[in-house]
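**Student:** here are the coordinates; sequence isn't available:
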């Protein structure tokens, strides 16, 4: 036997592991092996669970804990008490049967691995929910079950009804999950802890707390939506679009039981107040009767079972609502019974569908002639559902009738509750009889889409197992269910178990009379209704149903959202940009305005003395101002605009020289060159000039906005520049650059060492931008130019430029290598060397043409990007080998005779990666754009009919 | 000197914003480039404008310019080039596919 500490987490991991493995096995093996791979994890989980049984029986609670987010009180706690044990056994046990069944149910075209993945994901989520020992963890697992059930229900995603069913289920149960989160947070506040054991022990405190009622309402909303209680029941029938194995699993033992599980789980805390009694038992009783009534009129076998499930969940909810210890035992008992007979009925319905091609009760008839064995199994399960003696359903229903009498005794309308319970019981009998009679007995067995026969041996096996359980529990309950019932009901009652009897015969009592009345009434109702049910039209569909209300509400919400979106977004990017700029102005201006209002004027803090103005700076400033104003005046003439923008960039790089930033000046200058080339290449395909298309008023408006923005930026800069420096970061970097980074160029050391992770992100971004450029240009193909040859320049590649450029290339590359390797100690480094290299290569394209260059220089720039980024990553990862964090750099000094002292730093390898990646990126962008310019006009070539760029 | 720096940043920002609000893609690219210049100069300005030496450690001085804004600006320049290149090609592709160079994709 494994210790709880290791067994419990393994139990939870197993199904998720299976979810990964099963589809792979299907791909590489057969469907049979996929089924085996899917069935092994739950079987192993059951074995591990059984290993814990002695401890659980002895009243211990095996627990595994792991601190997750202690600040929020959210810990991973797996807690195996009796109730969790029962549910986990159901989840895994019925799960195995469903997996076996699904192997034979699925059509050869349907992916078996995918279904198993969904089922196992759901199984894992559900097991985690029932084993969770922390309120917040319960809420998380609850959401997981909703999401996994969405996948399960929508398995046949090509079918509209499956998609609607899956969405409806997700919306309703997801809404409940949201309520649950609120509910458990309030409950945790009331109880003082999110730990389940603590909360369960604090029942008295919680019920006295002022947050009790809101917490109760929210938790009930969650339980009722999940367990499909009126008026949230409608998602369950629409979820019948799922494959039958999914229905058999979700709607018998698991998904819908999550709601009643929650009620049972928190029963010791929440039950016992008047509100609880009325709300829970009232909703349960209403659902029980209403759904049983509706089930009689459904023609689809699965839909009958769906409404029957809703009805039985109502019965369990009502029992839990009654808040008496015996009722709690009865509720747990019925949970077990319903899981067995409902799963087998769903499977039987699936067999009928599989063998005949229809589930319509009006079409099906006389099946017993073809499949006597399956008929017998279905009869047993349906009889258990109706509550026939000697089957399990009879026992729990008797307890239900008896509790309906007892608990309400002495309250107003004491007779009404038992009467309604009996009426609901009668409807249950009626639809059970109809389900069996119409499908299997009445009629000669003709007129069905296919001539049926018995299903494969192993498709029937799960049904047999469950039907045998129905009988065994029904005849010898003391032996087959009592042990399980006693350990699990203990945790629902929250104390010692009350006296209850599982005897089949109690003598002539009132509950027995209610059973007899229900049977007589049910059979009579079916006989009276039968002639009317044969008609093609559904005779009793109300005009307004919960489902139609839900869907109109959903449509209204979507329409409202679309209207709001349409009123805010008119599709004009120009308008959005305006809104962004205005928002930035407000966001920037607001704090200033508030501060000025608070202090009653412009604050005048300590100021630094101004630095004197020197003539070279004035010259650069004049160049910048002239180029910028020229650009504003000339931006319609794009060629001039590009030249003027180069002028602005040049003056900015001169400003960098002035302010002691040689690395920046070099980078800016080189980038400016490359940018101008880029814009020129693009201009080749753009209209040379743009007409004035803005109105006078709009230009004035934009001018005012621009003036405000400019003034604001100038004021902000002034404020920053005239205040003393308070940061000590500069000192840190200046001091540690040599001892820690081994380089005297502090800017470069920051880039490749201190902030190496940022730089790695940046070269990735550059690489992505380059790949994006290549992708945007990928669909375009040159076509013969419509421009007459006479207007083109005669001398495409001037001899002078060609002659000069060729010897320049090796020289430029040599300089680049020098700049790259001295970068650690002198101005330079990967970025600068890369752009230098790119500029040198581009010069060859310009001077000698694309064709000439490509002949001699076949480089795949995409590979360069990849190599560069990988080199940087591996340099960083290399640090891990030495047990230091990712991207830690180191350096050493080598003394080589004659050459002298040489410094080697891993940061240099990193910088080499930066160099290669940036060369690749810049060259990829320019070369791809240049290739387009090879011929003048281009047209888009759409590879697919619906081009994503077109819509 | 502070006057020159602040006024240059203000002018670049104002001109950039005006061009960003224009309807043609090419003008918007010019505008974004001008705004990047302004932002880069502003980042540099957080290290103040002083008569200091470049942050290349060596004997004889202890008054260095703040290296941190410079490191930030250096990558910003390179990233800015990547962004400009992507925008230029996006504008090109939009013009070819939509047959207009209006930012709204229609005249």
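**Tutor:** That came through, no problem. What you see is a predicted model; the values in this text were computed from it and never measured. Residues are numbered from 1 along each chain as shown, chains lettered A, B, ... in the order given.
**Student:** Spatially nearest residue to residue A:713 (excluding sequence neighbours)?
**Tutor:** residue B:13 (3.7 Å; Cβ to Cβ, 6 or more residues apart in numbering or on different chains). In short, each C-beta sits where N, CA and C put it, glycine included.
**Student:** so that neighbour makes contact with residue B:37?
**Tutor:** No: taking contacts as Cβ atoms under 8 Å, residue B:13 lies outside contact range of residue B:37: 9.1 Å.
**Student:** ok so, going back, what distance do you get for the residue nearest to residue A:713 to residue B:31?
**Tutor:** 10 Å (Cβ to Cβ, to the nearest Å).
**Student:** Could you do residue A:748 as well?
**Tutor:** In terms of Cβ to Cβ, residue A:748 sits 31 Å off from residue B:31.
**Student:** more neighbours, the two?
**Tutor:** residue A:748 (33 against 23; other Cβ atoms under 10 Å in any protein chain shown).
**Student:** tell me the contacts of the more buried one?
**Tutor:** A:663, A:823, A:824, A:828, A:829, A:911 (Cβ atoms under 8 Å, 6 or more residues apart in numbering or on different chains).
**Student:** The second one reaches residue A:829, doesn't it?
**Tutor:** Translated: residue A:823. Yes: between residue A:823 and residue A:829 a contact is recorded at 3.0 Å, counting by Cβ under 8 Å.
**Student:** quick one: which helix or strand includes the residue nearest the centre of chain A?
**Tutor:** Central residue of chain A (Cα atoms, centre = their mean): residue A:147, 8.1 Å from the mean position. According to DSSP states H and E, residue A:147 maps onto helix A:135-153.
**Student:** what do you get for residue A:663?
**Tutor:** helix A:662-683.
**Student:** what angle separates the lowest-mean-pLDDT helix or strand in chain B from helix A:662-683?
**Tutor:** Least confident helix or strand, chain B: helix B:67-98 with a mean of 88, by mean pLDDT, DSSP states H and E. If you take axes from the mean of the first three to the mean of the last three Cα atoms, to 10 degrees, helix B:67-98 sits at 0 degrees to helix A:662-683.
**Student:** what's the distance between helix B:67-98 and the middle of its chain?
**Tutor:** 10 Å (Cα atoms, centre = their mean, to the nearest Å).
**Student:** Distance check, residue A:55 against residue A:65.
**Tutor:** Per Cβ to Cβ, residue A:55 is found 16 Å from residue A:65.
**Student:** Now for residue A:823 and residue A:829: what residues contact both?
**Tutor:** By Cβ under 8 Å, 6+ apart, residue A:823 and residue A:829 have these common neighbours: A:745, A:748, A:911.
**Student:** got the phi/psi numbers for the spatially closest residue to the second one that is not a sequence neighbour?
**Tutor:** With Cβ to Cβ, 6+ apart as the criterion, residue A:748 has its nearest non-adjacent residue at 4.5 Å, and that residue is residue A:829. When read as degrees, to the nearest 10, the backbone of residue A:829 gives phi 120, psi 180.
**Student:** Near residue A:829, how many residues? Count them for me, please.
**Tutor:** 30.
**Student:** what's the helix or strand for residue A:76?
**Tutor:** Going by DSSP H and E, residue A:76 is part of strand A:74-79.
**Student:** could you give the angle of the next helix or strand along the chain from that strand to strand A:74-79?
**Tutor:** Once the chain leaves strand A:74-79, the next helix or strand it forms, by DSSP H and E, is helix A:82-105. Per the same axes, to 10 degrees, the angle that helix A:82-105 makes with strand A:74-79 is 80 degrees.
**Student:** Show me what the very next helix or strand once past helix A:82-105 is packed up against.
**Tutor:** Using DSSP H and E, the helix or strand that follows helix A:82-105 in sequence is helix A:112-131. Helices and strands touching helix A:112-131, as assessed by 3 or more Cβ pairs under 8 Å, 6 or more residues apart in numbering or on different chains; DSSP states H and E, comprise helix A:4-28, helix A:31-57, helix A:82-105, helix A:135-153, helix A:244-248, helix A:257-265.
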